[in-house]
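**Student:** Dropping the sequence and predicted coords here.
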Amino acid sequence: MKIKTSKIFIVAIVLALLFPLNGCDENELEIFNPNTVSQEAFFSSESDFRLAVNGMIHPITAVLFWGRVVHTGALLRSDAFNVVPFQQNTTMSTLNGSPGDRWASDMYPQLYQTIRRANTIIEEADEEVLPPGDARNEILGQAYFMRAFAHWYLAAFYGNVPLVLKVPSQDNPEEVFPMQSTQAQVFAAAVEDLGTAAQLLPASWPDSESGRATRGAALALRGKTQLYLGNYSEAATDLQAVVDSGLYSLLPAARYGENFGSGATENNEESVFELQFSPQDAFVWGTDSPQTGTQTNFHIDYAPPLEALDNGHFINPHILATFEANGDTVRRNATIAFDYPGATGYANLPFLEDFEGDIENANSFGVEPLFTRKYSGMDSGLTRDEIPGFGQILGNNWRIIRYADVLLMLAEALNEGGTDTPGAVALINQVRERAEIAPIAVGTEDEVFDAIVDERIMELTGEGHRYLDLVRWGLADEVMGQGSTIAGGRHPKSLAGSTAFFTANQDELIWIPIPELNANQNLNQNPGY
């Protein structure tokens, strides 16, 4: 069962309203809203804290972050996607973005909302209300996990950002207008929070609470963070602990597609952590209230061009070529919708019938008719006409960390420096065995690294990892820089024109939003913008 948010706790302080206004009687400004509960009165029971946890998670799943915006801008920057330009919606995803464009300004505050709410829970957790025990550990463990989660994405996307580990005191300008920390410092703080979360969180939850962060999720994200920091031994320790827990396993090949489905396929044995989404009858943009803004409206961004509300995108042919070179049809067919024997589209219609218009569209652009299948709504069994443009009725959870990803990250950590290259190969081959393809042989450290790069393409394309992988590996300029012809003789962003390419020392990060720079003079813009 998905996490329910029938009620929600919202801790939101508009800083400007906290300062006296010149020429006004302060007493006249004290207006009581009978429909609200003060923070002091709210945290009076365990149930209040559990509601607060749900409210803390909401900005992450809302439309302005994972509900849509993170996909439209940040994640579609990958070389897998040749995005068709559509006004400012696609400037970030085509590497043409600049400060003032959409999406960066939406994501940034959502992440800090979650951080503030997590800090509030941590600071309000009085032992009289929450005595030592399982309930206290579950609540605080989730708060530390989500604070780390939000800081992780701030560091990964924006680089140098304020590290906020307490609710700012309005009497302290340095807290209200914080300085930036380095990316490494923010990742390091996430490591510390995730260590605390791993100590507090349960190994698993009852079915009624499935989907909440667990000890395994905290260890997996901490291992991933150590990998990004280049701390390979520490990464291997954390990721190996997830493996050794025995709580996770790869789905068999016949069920691989369940990793992206909805309903009974969610929160399965391969899921380490996934964000919970619920289908809805109506679409609501950017609302911070129960069961709104949490639908899977990123369907827009993964749907084929004629189904998308924007102009959509095509999968680049070098992605398909990687599957073909490895004889991988299991993951290929779950990742790319294209013309192969038995291929289907929406409502299980024959591919050539359902995608006739999209194929003509691809031909008009001179690109191969290759389309995204994961998270596109094709698993729903519904026709295109039955799915509204925003896709709010679909409700697929987004899988943030899967066990296959853990195995491949562990393989990378073991291979680095030749520490245990044979062990790395064994882990890669576990993933390949599930895909029913031949194992690779033990080779040099560089050869095994190249195998990991290809394996992550086949296992994880369309799940939001590729762009950040290329950046941390130092391969983004080679794959996506000016002059790259990796995409079947084309640049992977060719449809967006000659200026759509990765620029080193700039596109590793997203620009700091202009509203944030204007609000806080202690912030500096990222290089190149």
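**Tutor:** Happy to help now that I have it. Residues are numbered from 1 along each chain as shown.

**Student:** Any stretches of this protein with poor pLDDT?
**Tutor:** Scanning the chain with the threshold set as pLDDT under 70 gives 1-40, 287-297.

**Student:** and residue 225, what does it touch?
**Tutor:** Going by CB atoms under 8 Å, 6 or more residues apart in numbering, residue 225 touches 148, 152, 187, 190, 191, 194. Where you see a C-beta, it was placed from the backbone N, CA and C, and this is true even at glycine.

**Student:** how about 7 Å then?
**Tutor:** Residue 225 is in contact with 152, 187, 190, 191, 194, counting by CB atoms under 7 Å, 6 or more residues apart in numbering.

**Student:** Which helix or strand contains the third one?
**Tutor:** What it means is residue 190. Counting by DSSP states H and E, the element that carries residue 190 is helix 183-200.

**Student:** So for that helix, what gets flagged as buried?
**Tutor:** If you call a residue buried by 16 or more other CB atoms under 10 Å, then helix 183-200 has these buried ones: 183, 186-191, 193-198, 200.

**Student:** same check, this time on stretch 480-500
**Tutor:** 480-481, 484, 486-488, 490-496, 500.

**Student:** what's next to it, contact-wise?
**Tutor:** 79, 82-85, 94-96, 316-318, 365, 368, 470, 479, 501-502, 504.

**Student:** Of those residues, select the buried ones using a ChimeraX command.
**Tutor:** Here is the ChimeraX command that selects the buried residues among the contacts of stretch 480-500 (16+ other CB under 10 Å):
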select :79,82,83,84,85,94,95,96,316,317,318,368,470,479,501,502
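
**Student:** Can you flag which of the contacts of stretch 480-500 belong to strands?
**Tutor:** 82, 83 (DSSP state E).

**Student:** wait, what's in contact with residue 369?
**Tutor:** 338, 355, 358, 359, 362.

**Student:** got CSV for the residues you listed, with secondary structure, neighbour count and distance to residue 312 too?
**Tutor:** What follows is those, written out as CSV (DSSP: H, G, I helix; E, B strand; the rest coil; neighbours: other CB atoms under 10 Å; distance: CB to CB, whole Å):
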residue, secondary structure, neighbour count, distance to residue 312
338, coil, 21, 15
355, coil, 27, 12
358, helix, 22, 8
359, helix, 19, 13
362, helix, 20, 10
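
**Student:** Touching, residue 185 and residue 163? I think so.
**Tutor:** Yes. Counting by CB atoms under 7 Å, residue 185 touches residue 163, with 6.2 Å between them.

**Student:** follow-up on the earlier one: just name the closest of the contacts of residue 369 to residue 112, please.
**Tutor:** residue 358 (38.8 Å; CB to CB).

**Student:** Please give the element, helix or strand, for residue 363.
**Tutor:** Using DSSP H and E, residue 363 falls in helix 356-365.

**Student:** Next SSE downstream of that helix?
**Tutor:** strand 371-372.

**Student:** List the single closest residue to residue 517 in space, sequence neighbours excluded.
**Tutor:** Distances taken as CB to CB, 6 or more residues apart in numbering put residue 523 closest to residue 517, at 5.3 Å, once the chain neighbours are dropped.

**Student:** Oops, could you answer that again for residue 79 instead?
**Tutor:** What sits nearest to residue 79 in space, not counting adjacent residues and going by CB to CB, 6+ apart, is residue 492, at 3.9 Å.

**Student:** which one of the buried residues of stretch 480-500 is nearest residue 527?
**Tutor:** residue 481 (16.1 Å).

**Student:** And residue 441, how close does it get to residue 447?
**Tutor:** Distance of residue 441 to residue 447, computed by CB to CB, to the nearest Å: 9 Å.

**Student:** Correction: the previous question concerned residue 249.
**Tutor:** Taken as CB to CB, the span from residue 249 to residue 447 is 28 Å.

**Student:** What backbone torsions are found at residue 272?
**Tutor:** phi -100, psi -40 (degrees, to the nearest 10).

**Student:** can you check the one 5 residues further on too?
**Tutor:** Reported as degrees, to the nearest 10, the phi and psi values for residue 277 are phi -130, psi 150.

**Student:** If you tally nearby residues, what's the number for it?
**Tutor:** 25 (other CB atoms under 10 Å).

**Student:** doesn't residue 395 make contact with it?
**Tutor:** Yes. Counting by CB under 7 Å, residue 277 touches residue 395, with 5.3 Å between them.

**Student:** got the buried residues for stretch 243-263?
**Tutor:** Using 16+ other CB under 10 Å as the test for burial, stretch 243-263 gives 243, 248, 250, 251, 253, 256, 257, 258, 259, 260, 261, 262.

**Student:** For the stretch 201-350 of the chain, which segments count as strands?
**Tutor:** 271-275, 313-315, 336-337 (DSSP state E, counting those that start in this stretch).

**Student:** Compile the ones you listed into TSV and extend it with columns for distance to residue 386.
**Tutor:** Formatted as TSV, the strands of the stretch 201-350 of the chain follow (distance: least, CB to CB, whole Å):
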stretch	distance to residue 386
strand 271-275	24
strand 313-315	23
strand 336-337	17
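
**Student:** Residue 89: what's it in contact with?
**Tutor:** Residue 89 touches 72, 102, 310, counting by CB under 7 Å, 6+ apart.

**Student:** Recalculate using a threshold of 6 Å.
**Tutor:** residue 310 (CB atoms under 6 Å, 6 or more residues apart in numbering).
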